[in-house]
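Generate coordinates for the sequence data below:
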Amino acid sequence: MKHVRRWAAAAVLVLLLAQLLTVPAGAAKLVAITFDDGPNQTWTPQVVEALNQRGVKGTFFMVGSWVATKEDLVRSMAEQGHQIANHTWEHLNLTGLDAGEVRLQAERSRERLAEVTGQKNFWVRTPFGVRTQTVLNNIDSPLILWSQDPAAGKQVSGEKMARSVIRNIKDGDIILLHDSTQDNLDAACRIIDALQPRGYDFVTVEELFRLRGVTPRNGVIYKSVPPAADPQAYDENRLESHWAWPAISLMEDTGIMTGDEEGWHPNRRLTRAAAAVVLWRAAGEPQARRRADFLDVPKSAWYAEAVAWAEEAGVIKGTGAGRFSPAAPVTRQQLYVMVDRLLDRGSVSVGTGEVRSFEDSFRISGWAREAVERIEALGFTSRNDRELFRPQDPATRAEAAELVAWYLGVR
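Residues are numbered from 1 along each chain as shown. Next up is the predicted model:
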């Protein structure tokens, strides 16, 4: 009986720990799940169905010559948001091939995938991960390899593959599987079902690079995209190529958001003080009737007038004990709530348009969900939100610029 009680107590402890692990903590943990050697008439549709049921987008490295008779499947996968990628034309071992032969393998496959999907760019993964200098010089693409290979080229059960990935997973990993067997399908389902509750979000390889602010270069090998040591850093010489450049340019022209002597800092986190000032300027710099009641807002602070208006208008509220915490970062869902409070609620209802369902929609807090859905329904679509919403990530200046630029067009 004592043993039974001990096992029961242990089971309860495991359940409690599992519940704790499901609580998101800070920025999203991102991983990409990829599949080689397709399309397969039997297994690829089942893998796609399993991913869709879980709200996950995968990356499929396809052999160009194997697309024949499966064009509708490949086209549908692309339309659903899965990333189609290039696994060469014939799945040959490229070791020892000359430059022309390597180029032919990559180009013939790229042309076939483009013909079927209407897309242009297809990142390459070579069969067997071959990475000779001849390959790197002639594929005209980044070489996308992997950091998690649970089968290591052997016949391994789905349970064993999943256990290996779940035990060793790291933020930014690229997982290698194949859409060609039942074991790989089982592994994919087990991996996703185990890691999503632990705060991992599954994205395409392209999305992984973009959300991490990394621009892959042709002829360079990539095995993972871990979080940057300084995620707020950005090369200001490349500002016009930033995904939010149109909004950034508008913010500069209107004076709502400007840079400093060192640059515009698009990836820098937006603080509560900065958010108050930006929204105050976007609203036309209205005059507040009184000072802010917050204890930590000095009358001489550069953000004092904006905070006084934001509090009075209900755009920004304290975090308890009458404090404002000006240096605290604003999360993405908080930013949506603030902008939603600026909107004229009497003019448009929440249900006027389509509300997207992100893979991580379940992570949006209840108090923020209506605001997020309302802004989506009003027609806002971020260029940086294709698969994930990342509600608890700190909002960046670029993300704020894009949302405020939209607000200026609908207010």
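
which residues of the chain fall in helices?
All helices of the chain, identified by DSSP state H, fall at 2-21, 43-53, 71-79, 99-117, 133-138, 158-168, 182-195, 205-211, 245-254, 272-282, 304-313, 332-342, 366-377, 397-410.

Please render those helices as CSV that adds distance to Ala292 to the earlier fields.
The way it works is simple: take the backbone N, C-alpha and C, and place the C-beta from them, glycine included. Listed next are these as CSV, based on distance: least, C-beta to C-beta, whole Å:
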stretch, distance to Ala292
helix 2-21, 36
helix 43-53, 48
helix 71-79, 50
helix 99-117, 54
helix 133-138, 58
helix 158-168, 48
helix 182-195, 43
helix 205-211, 35
helix 245-254, 24
helix 272-282, 9
helix 304-313, 4
helix 332-342, 15
helix 366-377, 22
helix 397-410, 21
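
Off-centre distance for the longest strand along the chain?
Counting residues, the longest strand in the chain under DSSP state E turns out to be strand 29-38. Its chain's C-alpha centre and that of strand 29-38 lie 14 Å apart, by C-alpha atoms, centre = their mean, to the nearest Å.

hmm, back to that, do you know which of the helices of the chain lies nearest Gly322?
The closest approach between Gly322 and any of these, judged by C-beta to C-beta, belongs to helix 304-313 at 10.6 Å.

I'd like the mean pLDDT over the longest strand of the chain, please.
This predicted structure assigns strand 29-38 an average pLDDT of 97.

how big is the angle separating it from helix 182-195?
Angle of strand 29-38 versus helix 182-195, following axes from the mean of the first three to the mean of the last three C-alpha atoms, to 10 degrees, is 170 degrees.

May I have strand 29-38 as PDB, with CA atoms only?
Included here for strand 29-38 are C-alpha records, laid out as PDB according to Å, rounded to 0.1, in the frame of the first residue of the first chain:
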ATOM      1  CA  LYS A  29      10.900  29.000 -28.500                       C
ATOM      2  CA  LEU A  30      11.000  28.200 -32.200                       C
ATOM      3  CA  VAL A  31      11.800  25.000 -34.000                       C
ATOM      4  CA  ALA A  32      11.300  23.800 -37.600                       C
ATOM      5  CA  ILE A  33      10.200  20.400 -38.500                       C
ATOM      6  CA  THR A  34      11.300  19.200 -41.900                       C
ATOM      7  CA  PHE A  35      10.600  16.200 -44.200                       C
ATOM      8  CA  ASP A  36      12.900  14.800 -46.900                       C
ATOM      9  CA  ASP A  37      12.400  12.500 -49.900                       C
ATOM     10  CA  GLY A  38       8.900  13.400 -50.900                       C
END
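
What is it packed up against?
In terms of contact count using 3 or more C-beta pairs under 8 Å, 6 or more residues apart in numbering; DSSP states H and E, strand 29-38 is assigned the packing partners helix 43-53, strand 59-62, strand 174-178, helix 182-195, strand 200-203, helix 205-211.

one more time with 7 Å, if that's ok
Based on contacts counted as 3 or more C-beta pairs under 7 Å, 6 or more residues apart in numbering; DSSP states H and E, the elements that strand 29-38 packs against are strand 59-62, strand 174-178, strand 200-203, helix 205-211.

Would you reformat the ones you listed as a markdown table and include mean neighbour count and mean pLDDT?
Converted to a markdown table, the helices and strands packed on strand 29-38 look like this (neighbours: other C-beta atoms under 10 Å; pLDDT from 0 to 100):
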| stretch | mean neighbour count | mean pLDDT |
| --- | --- | --- |
| strand 59-62 | 26 | 98 |
| strand 174-178 | 24 | 98 |
| strand 200-203 | 25 | 96 |
| helix 205-211 | 21 | 95 |
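
right, and those - which one's nearest Gln133?
Judged by C-beta to C-beta, the one of these that comes nearest to Gln133 is strand 59-62, at 21.2 Å.

what does that closest one rub up against?
The set of residues external to strand 59-62 that reach it, using C-beta atoms under 7 Å, 6 or more residues apart in numbering, is 32, 34-36, 38-39, 74, 77, 82-87, 113, 125, 179, 204-205.

let's go with 8 Å and repeat that
Applying C-beta atoms under 8 Å, 6 or more residues apart in numbering, the set of residues contacting strand 59-62 from outside is 32-39, 44, 74, 77, 82-87, 109, 113, 124-125, 144, 179, 204-206.

before we move on, back to that, right, and the helices of the chain - which one's nearest Pro326?
That would be helix 272-282 among the helices of the chain, by C-beta to C-beta, at 3.6 Å.

Return that closest one as PDB; C-alpha atoms alone will do.
Taking only C-alpha atoms (Å, rounded to 0.1, in the frame of the first residue of the first chain), the coordinates of helix 272-282 have been written out as PDB:
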ATOM      1  CA  ARG A 272       5.900  51.300 -21.900                       C
ATOM      2  CA  ALA A 273       7.100  54.900 -21.900                       C
ATOM      3  CA  ALA A 274       7.900  54.700 -25.600                       C
ATOM      4  CA  ALA A 275       4.600  53.100 -26.400                       C
ATOM      5  CA  ALA A 276       2.700  55.900 -24.600                       C
ATOM      6  CA  VAL A 277       4.600  58.500 -26.600                       C
ATOM      7  CA  VAL A 278       4.100  56.800 -29.900                       C
ATOM      8  CA  LEU A 279       0.400  56.300 -29.400                       C
ATOM      9  CA  TRP A 280       0.000  59.800 -28.100                       C
ATOM     10  CA  ARG A 281       1.600  61.200 -31.300                       C
ATOM     11  CA  ALA A 282      -0.500  58.900 -33.400                       C
END
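
That one vs helix 304-313, what angle?
For helix 272-282 and helix 304-313, the angle between their directions (the same axes, to 10 degrees) works out to 80 degrees.

burial count for Ser164?
Around Ser164 there are 18 other residues, counting by other C-beta atoms under 10 Å.

thinking it is in contact with Gly158, fair?
No. Between Ser164 and Gly158 there is no contact, the gap being 10.9 Å when judged by C-beta atoms under 8 Å.

between the longest strand of the chain and helix 158-168, how many degrees?
Computed by the same axes, to 10 degrees, the angle between strand 29-38 and helix 158-168 is 150 degrees.

Quickly run through the sheet partners of strand 29-38, with directions.
The strands that strand 29-38 pairs with in its sheet are strand 59-62 (parallel), strand 174-178 (parallel), strand 200-203 (parallel) (by DSSP bridges).
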